[in-house]
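Visitor: how would this look folded up:
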Amino acid sequence: MSTYDPVALECLAAIVEEGGFERAAQRLNVTQSAVSQRLRALEAQVGSVLIVRSRPLRPTPAGRLLLKHTQQQRLLRADLERDLQELTPHTPDGTREDERISIAINADSIATWAMGALHDLVRQHLPLEIIVDDQDFTQEWLRSGQVLGCVTTLEQALRGCKMLPLGAMHYVAVASTDYAQQYLPQGLTPHNFREVSFLSFNRKDDMAAEFVARAFGLHRVALKHLFVPGSEAQMRAVAAGWAVGVVPELLARDPIANGSMVDLAPGRSLPIQLYWHCWNLESELLDTLSRALMRAATRSLST
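Guide: Model (predicted):
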C-alpha cells in the first residue's frame, strides 16, 4: 500500500477547504507554484486527477477519499495532542492551525443548542472549524470527506459512519405583533398564507412551505419569499416586520412570551428530526465530541 506524503495531503485539503490555489498557498505559507507542484506529485502517485478545476473547485471521487484520509490523520494527531497534554499539562499548545477539526452543522442548531456543546472542547484548544449549511445538505460535507461529522435531517448512515439520533427541533410560524395585526389579524389560515411573504435562508430552504403544507393538509404550496441567510438575522427581520418567519421555537419562545412576536398558528409546529453522523473510528476526541452533542441535544430537543 502506498504511503502518501502528509504535506501533499494537507495541500490537497487546503485547496478544497480554501476554494482555490492562491488561498491555499497563503494558508500554507508557500508559493502558488509549490501548491500546484505538490498536487501534481500527489496525482501522479495516485494515478488519478484529484481536483476538478471548475468554479467552485471540487474533489473527484479519488480526491474525496484522500480528503477523508487527511481528516482521519488530523483526528489521530488531535487525539495524540490531547493525550500528551494530559501527560505534560504545562507544555504550550502546539496544534497547527491548518490541522483543523471540521464538522458541519445547520444554522438553527448553531443558534440554539449546539454552541454550548462545543464550549469545553474549544477551551481545550481544539482547532475547531464549524461549517454551516442547510440541515438537509450537511451530510454532503461528510460524504466528500471534508468534515468528520455532521448534524443532519438524514437518518441513513453513510458507509463507514455511525448515526446517533439527537431529537426533534420544533419550528413555529411567527410575525411581529404589528405585522400580525396589519396583515394576519386572524392568524395564519389556509386562505391567507399566499397574501404574505415568508423568510427563507436561500433557494434550497423549503422549511416555510413544509410548515404550511403540514399545518393545513396541503400537498403543494407556493409561497412568496424573502431570502435572509442566518437564524439571528431572520429573527431580526421578523421583529422588524419584514415577513413571516418559520423559526425554531427555542428562538421564538421569549419574543412570544414578552408580546413582541405572535405565534400565528397556535398549537401547530413542525418537528424536524436531527441526527449526528460521524466516522466509525476509535477516537477519544470523536467520542467526546459525540457525547457533548448528545448531552446538549437531550437538554434542548424533544425525543
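Visitor: By mean pLDDT, flag the weakest helix or strand of the chain.
Guide: One helix or strand of the chain scores below all others by mean pLDDT, DSSP states H and E: helix 61-87, with a mean of 79.
Visitor: next one: it to chain centre, how far?
Guide: From the chain centre to the centre of helix 61-87 is a distance of 20 Å (CA atoms, centre = their mean, to the nearest Å).
Visitor: Verify the assumption that residue 274 is located in a helix.
Guide: No: under DSSP: H, G, I helix; E, B strand; the rest coil, residue 274 sits outside any helix and is assigned strand.
Visitor: The helix or strand residue 130 falls within - which strands sit beside it in the sheet, and in what orientation?
Guide: If you go by DSSP states H and E, residue 130 is part of strand 128-132. Here strand 128-132 has these sheet partners by DSSP bridges: strand 101-105 (parallel).
Visitor: Next, the buried residues of stretch 293-303.
Guide: Neighbour-count burial for stretch 293-303 flags 293-294, 296-297, 300-301 (criterion: 16 or more other CB atoms under 10 Å). Bear in mind the C-beta positions are built from the backbone N, C-alpha and C, glycine included.
Visitor: can you count the residues close to the residue nearest to residue 176 when sequence neighbours are not counted?
Guide: Leaving aside its chain neighbours, residue 176 sits nearest to residue 241 (4.6 Å; criterion: CB to CB, 6 or more residues apart in numbering). Residues lying near residue 241 (other CB atoms under 10 Å) number 14.
Visitor: residues contacting residue 241?
Guide: Shown in contact with residue 241 (CB atoms under 8 Å, 6 or more residues apart in numbering): 175-176, 178-179.
Visitor: Name the residues of the host helix or strand of residue 36 that are buried.
Guide: Taking DSSP H and E as the criterion, residue 36 maps to helix 32-46. For helix 32-46, a neighbour-count test (16+ other CB under 10 Å) marks 35, 38-39, 42-43, 46 as buried.
Visitor: quick revisit: give me the angle between the strand holding residue 130 and helix 61-87.
Guide: 140 degrees (axes from the mean of the first three to the mean of the last three CA atoms, to 10 degrees).
Visitor: outside of strand 128-132, which residues touch it?
Guide: Here strand 128-132 makes contact (CB under 8 Å, 6+ apart) with 100-107, 110, 118, 121-122, 138, 141, 146-147.
Visitor: how about 10 Å then?
Guide: 17, 78, 97, 100-111, 114-115, 118, 121-122, 138, 141, 146-147, 150, 201, 229-231, 289 (CB atoms under 10 Å, 6 or more residues apart in numbering).
Visitor: Those residues in helices, which ones?
Guide: 17, 78, 107-111, 114-115, 118, 121-122, 138, 141, 231, 289 (DSSP state H).
Visitor: Now name the helix or strand holding the spatially closest residue to residue 41 that is not a sequence neighbour.
Guide: Leaving aside its sequence neighbours, residue 41 sits nearest to residue 8 (CB to CB, 6+ apart; 6.1 Å). Secondary-structure assignment from DSSP H and E places residue 8 in helix 6-18.
Visitor: how far does the helix holding residue 36 sit from the chain's center?
Guide: Computed by CA atoms, centre = their mean, the chain-centroid distance of helix 32-46 equals 30 Å.
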